[in-house]
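>>> Predicted model follows, preceded by the sequence.
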Amino acid sequence: MAEDTTTIGLDLERARQSLAAQPFSALLGARITAYGDGGATLELDVRAELEQQHGFLHGGVLSYAADNALTFAAGTALGPAIVTGGFSIQYLRPARGRLLRARAEVVHAGRRQAVCRCDLMVTDGDGTETLCAVAQGTVMALNGQAPK
């Protein structure tokens, strides 16, 4: 990582509680498996209702995972009162597997915003990870406003 990004405001358990409070994340069955030191990892099990018509994981699910992983990673540097300012995602290959893992890290953090990157991988039945997309985004602090 390019900058010192000690965890501010949340630990792994509180990050999990924050994710669980998002109804859409609960619907998808997403979970935080790592949080702190400038990074976060979000995982979700691949299932048929998350696939598109060709049997690949839907791009919207990949975008969701990237957005949340980027934001949680930024939270380690900016604290919990943050929102995504924007992100871009590049789909590299169709995502087919049993598990989606979005691993994000802070590239640079200032007082009011953080730039993060995320690798999205699918894991097959024998544990082989395949990179299927990459994302980069900017996350902004809410300027002292408490999230609702």
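In hand now; what should we look at?
>>> contacts, neighbours, all on C-alpha from now
Noted.
>>> in this structure, which strand has the most residues?
In the chain, assigned by DSSP state E, the strand with the most residues is strand 129-141.
>>> Not counting its own residues, what contacts it?
Residues outside strand 129-141 that contact it (Cα atoms under 8 Å, 6 or more residues apart in numbering): 62, 66-67, 70-71, 74, 78-79, 81-95, 111-123.
>>> Leaving out the residues flanking it, which one is nearest to Leu28?
Distances taken as Cα to Cα, 6 or more residues apart in numbering put Leu44 closest to Leu28, at 7.2 Å, once the chain neighbours are dropped.
>>> tell me which element that neighbour falls in.
For Leu44, the element it lies in under DSSP states H and E is strand 39-45.
>>> avg pLDDT for the helix or strand just after that strand?
Using DSSP H and E, the helix or strand that directly follows strand 39-45 along the chain is helix 59-78. The pLDDT scores in helix 59-78 average 97.
>>> buried residues in helix 59-78?
59, 61-78 (16 or more other Cα atoms under 10 Å).
>>> now for the helix or strand hosting Gln17, which elements pack on it?
Following DSSP H and E, the helix or strand that holds Gln17 is helix 12-20. In terms of contacts (3 or more Cα pairs under 8 Å, 6 or more residues apart in numbering; DSSP states H and E), helix 12-20 is packed against helix 23-28, strand 31-36.
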